[in-house]
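Q: A structural model of the following input is requested.
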Amino acid sequence: MQAVTQAPSKPLLPFRNIRDVLALHAKTSASKSYILFYDRDGERMDLAYAEFVARVHQVANFLYDDLKLKRGDRIATLTRNDVDTALILFGAWVIGLSVMPLSLDCSDDVLEESLKASGAMVCFTDTQSLERVNPLVQALPNLMGQVEVGGEPGTDYVNFLEVIRSRPTTFLGDDSGAKAADLSLREGNERTATFSDEALYLPTGQALTQGELLYAAKALAEAQALTGNQRQVTTATIQEVEGLVAGLIAPLVVGASVVWCESPQLPEFWARVVREKANLAHLSAGDLQGLVAHSQYLQSDGETLYGHGINRTNLARFRHVICNGRQLEKAVSQQFETLYGFPILVGLSDPVLGGFATLLPMMLSWEAHQDYLHVQDERCMGVLLPGYQAAVDQQGVMFTLPHGEQVRLALRARLIPDDLLGRSLLYLPD
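A: Numbering: from 1, shown residues only. This is a model prediction of the structure:
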């Protein structure tokens, strides 16, 4: 067995739980934009940290007061990739609930099995999917009912936006009513969410804690030098672990801003990068391929490869893209970097790892970067992120995560010491 211990230490986290992260930035960065959201129709919403946290606390109050949910209970979401879903997730974590996020595209069989296996007590359901869940409310004893997300308020279902708008904007605050006197909810008591509280329960049966999500997000932010004065663009789907951690939680832990696009809308990508003064992007392999194809169309039509009259000078702030290298073909990465001149920091991402565990270093020269990414016979996944360790054997790769848990991925891989980096690189077969 070949074992490699990562040189950087575990990323330090000055937080007790996700609620603590939210409270910190609501106080220190109240007016700073946290989420700049573009919906599927291109409409823009700007949520400052203080406003986002206030809405999250409204959700937490609804979950605690109205639905009578308590720490350790599970809920499910069958919703769009949008701000409402983010509010439900973070509101649940404030009071120590676990969430099973489901894709609207999941089959009826997967939906039923997931709701059954999770023991979810409430399903937050997109208005177009309510009829899919109705029979399951009768069939599954744990599932008490649905909350409608989207649509117009009616009499058949509790409507999410309608019900939370009248709830207090603080949870456990001085003006939060009876909860202010409930000492069992204060920090350090058994009913308060901690790092070890389950945060996500995935349809695969895997569970991730608040601590695991925060450690993964902090390590990724450090690896790409994401700081509080920067903005990241993401087309992430937050129903997936990678999208949630890289797209929303990594910017959150460092107090940065995220330009979140509900759908890729690639013809508008570079215009949004310029408009929002973005510094980096988290994109899928499909996004990169789409951008390459769209640039070729633009140039054939006499436009610049960025569109909208944009040139490289307008993109002076932008520095790199991160992408899960497992789905990225070398030909696509080479075309993208040749066309645009921005490096792609590939890494290995998987739900059991809480997102990215490796990333190609950002401080390489352009020539060294090109050699690692394109010239090697194998696909380079970068170096281990701070706090991660790995060992390779015939069964795959055994990762030790920053919080100490060990998980195995059944991958053919090699860890190769690198003299230039003074660390080992993870390679997958091409």
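Q: show me the contacts for the residue positioned nearest the centre of the chain.
A: For the chain, the residue nearest the mean C-alpha position is Leu244 (1.5 Å; Cα atoms, centre = their mean). The contact partners of Leu244, taken as Cβ atoms under 8 Å, 6 or more residues apart in numbering, are Leu89, Pro101, Leu200, Leu213, Ala236, Ile238, Gly355. Glycine gets a C-beta too; all of them are placed from N, C-alpha and C.
Q: please report the distance of it from Val99.
A: 10 Å (Cβ to Cβ, to the nearest Å).
Q: so for those two, which residues contact both of them?
A: With Cβ under 8 Å, 6+ apart as the test, Leu244 and Val99 both reach Leu89, Leu200.
Q: residue ranges of the strands in the stretch 201-350 of the chain, please?
A: With DSSP state E, counting those that start in this stretch as the criterion, the stretch 201-350 of the chain has strands at 207-209, 231-234, 257-261, 280-282, 320-324, 344-347, 349-350.
Q: redo those strands as a markdown table? Include mean neighbour count.
A: Formatted as a markdown table, these follow (neighbours: other Cβ atoms under 10 Å):
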| stretch | mean neighbour count |
| --- | --- |
| strand 207-209 | 20 |
| strand 231-234 | 24 |
| strand 257-261 | 26 |
| strand 280-282 | 26 |
| strand 320-324 | 23 |
| strand 344-347 | 26 |
| strand 349-350 | 22 |
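Q: using TSV, please lay out those together with distance to Glu162.
A: Shown next, in TSV, are the strands of the stretch 201-350 of the chain (distance: least, Cβ to Cβ, whole Å):
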stretch	distance to Glu162
strand 207-209	31
strand 231-234	29
strand 257-261	24
strand 280-282	33
strand 320-324	38
strand 344-347	41
strand 349-350	37
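Q: Glu51 sits in which helix or strand?
A: For Glu51, the host element (DSSP states H and E) is helix 49-61.
Q: list of residues touching the following helix or strand past that helix?
A: For helix 49-61, the following helix or strand on the C-terminal side (DSSP H and E) is strand 74-78. Defining contact as Cβ under 8 Å, 6+ apart, one finds that strand 74-78 is touched by 63, 69, 85, 88-89, 92, 97-102, 104, 106, 111, 114-115, 118-126, 129, 132-133, 149, 198, 201, 239.
Q: mind checking what secondary structure Arg412 has?
A: The assignment at Arg412 comes out as coil when based on DSSP: H, G, I helix; E, B strand; the rest coil.
Q: residues touching it, list them.
A: So Arg412 contacts Gly396, Leu428, Pro429 (Cβ under 8 Å, 6+ apart).
Q: got a ChimeraX select line for the buried ones in these?
A: Restricted to buried positions by 16 or more other Cβ atoms under 10 Å, the ChimeraX selection for these reads:
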select :428
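Q: quick one: which of the contacts of Arg412 is nearest Leu288?
A: Lowest distance from Leu288 to these (Cβ to Cβ) belongs to Leu428, with 17.7 Å.
Q: which residue comes closest to the closest one once chain neighbours are left out?
A: Arg379 (4.7 Å; Cβ to Cβ, 6 or more residues apart in numbering).
Q: tell me the confidence at the residue nearest to Leu266 when sequence neighbours are not counted?
A: Using Cβ to Cβ, 6+ apart and skipping the chain neighbours, the partner closest in space to Leu266 is Gly290 (4.6 Å). With respect to pLDDT, Gly290 scores 96.
Q: could you check how many residues crowd around Gly290?
A: Neighbourhood size, Gly290 [other Cβ atoms under 10 Å]: 19.
Q: now do Gly309
A: So Gly309, with other Cβ under 10 Å, has 9 neighbours.
Q: quick check on the nearest residue to it once chain neighbours are set aside: phi, psi?
A: Sequence neighbours aside, Glu303 is the residue nearest to Gly309 in space, at 7.8 Å (criterion: Cβ to Cβ, 6+ apart). For Glu303, the backbone dihedrals (degrees, to the nearest 10) come out as phi -90, psi 170.
Q: any low-confidence regions in the protein?
A: Low-confidence segments of the chain (pLDDT under 70): 1-12, 172-193.
Q: going by residue numbers, what spans are helices in the stretch 301-430 of the chain?
A: Using DSSP state H, counting those that start in this stretch, the helices of the stretch 301-430 of the chain run over 330-340, 366-370.
Q: export those to a markdown table and tack on distance to Val392 and mean neighbour count?
A: Below are the helices of the stretch 301-430 of the chain laid out as a markdown table (distance: least, Cβ to Cβ, whole Å; neighbours: other Cβ atoms under 10 Å):
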| stretch | distance to Val392 | mean neighbour count |
| --- | --- | --- |
| helix 330-340 | 22 | 18 |
| helix 366-370 | 23 | 13 |
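Q: and Val253, which of the ones you listed is closest to it?
A: The stretch from the helices of the stretch 301-430 of the chain with the least distance to Val253 (Cβ to Cβ) is helix 366-370; that distance is 26.2 Å.
Q: and this structure, what are its domains?
A: 2-13+204-428, 48-194 (automatic domain parsing).
Q: adding distance to Arg40, write those domains out as CSV.
A: Shown next, in CSV, are the domains of the chain (distance: least, Cβ to Cβ, whole Å):
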stretch, distance to Arg40
domain 2-13+204-428, 5
domain 48-194, 8
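Q: of all those, which lies closest to Leu36?
A: Of all the domains of the chain, domain 2-13+204-428 sits nearest to Leu36, with 4.7 Å by Cβ to Cβ.
Q: which residues touch the closest residue to Tyr38 other than its chain neighbours?
A: Once flanking residues are discounted, Tyr38 sits nearest to Cys261: 4.7 Å by Cβ to Cβ, 6+ apart. Shown in contact with Cys261 (Cβ under 8 Å, 6+ apart): Tyr38, Val233, Thr234, Thr235, Phe269, Arg272.
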